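[1] Next comes the sequence, and after it the predicted model I'd like to discuss.
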Amino acid sequence: VQLQASGGGLVQAGGSLRLSCAASGRTFSTYSMSWFRQAPGKEREFVARINWRDGSISYTDSVKDRFTISRDNAKNTVSLQMNSLKPEDTAVYYCAARNPYGRDYWGQGTLVTVSS
């Protein structure tokens, strides 16, 4: 599967952005989809995941109640709605897919910059 993330940009603190990730392939509905991010000088960290089997969703604590992950299996897309953005949310955001066998696929990142 190939993943193409988009939607990053520059936003002021308190603003919103919506990231999208388009996936190729016919088996998108069987992939668990995640967003990760990597801030300058830091390791990549998990942000959010939506499970393919039961639709369960999980978030890292720092984005709970601000970010919302969703997927559209008909369009092969996963989105991340980011509200109440903070400067510490500044990072390159990556979408990732995991197939039922545990293989991971990564897209290129999209840069989100939140100014104070």
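    Ah, there it is.

[2] residue closest to the middle of this protein?
    Centroid-nearest residue in the chain: Trp35, 2.8 Å away (criterion: C-alpha atoms, centre = their mean).

[3] does that one count as helix, strand or coil?
    strand (DSSP: H, G, I helix; E, B strand; the rest coil).

[4] Next, the contact list for the nearest residue to Arg37 once chain neighbours are set aside, please.
    Sequence neighbours aside, Ala91 is the residue nearest to Arg37 in space, at 3.8 Å (criterion: C-beta to C-beta, 6 or more residues apart in numbering). Any C-beta I mention is one placed from the backbone N, CA and C, and that applies to glycine too. Counting by C-beta atoms under 8 Å, 6 or more residues apart in numbering, Ala91 touches 37-40, 42, 111-112.

[5] same question, Gln108
    Gln108 neighbours (C-beta under 8 Å, 6+ apart): 3-5, 94.

[6] Now do the same contact list for Ala96.
    3, 33-36, 104-107.

[7] Quick check: what element follows the helix or strand where it lies along the chain?
    Per DSSP states H and E: Ala96 is located in strand 91-98. Where DSSP H and E defines the elements, the next helix or strand beyond strand 91-98 is strand 104-106.

[8] picking that back up, nearest to Ala13 among the contacts of Ala96?
    Distance to Ala13 across the contacts of Ala96 (C-beta to C-beta) is lowest for Trp35, with 19.9 Å.

[9] my guess is that closest one meets Ser79, correct?
    No - using C-beta atoms under 8 Å, Trp35 is not in contact with Ser79; the gap is 9.2 Å.

[10] Extract the residue ranges of the protein that are flagged as low pLDDT.
    By pLDDT under 70, the chain contains no weakly predicted segment.

[11] Give the burial count for Met82, as a bare number.
    25 (other C-beta atoms under 10 Å).

[12] All set, thanks.
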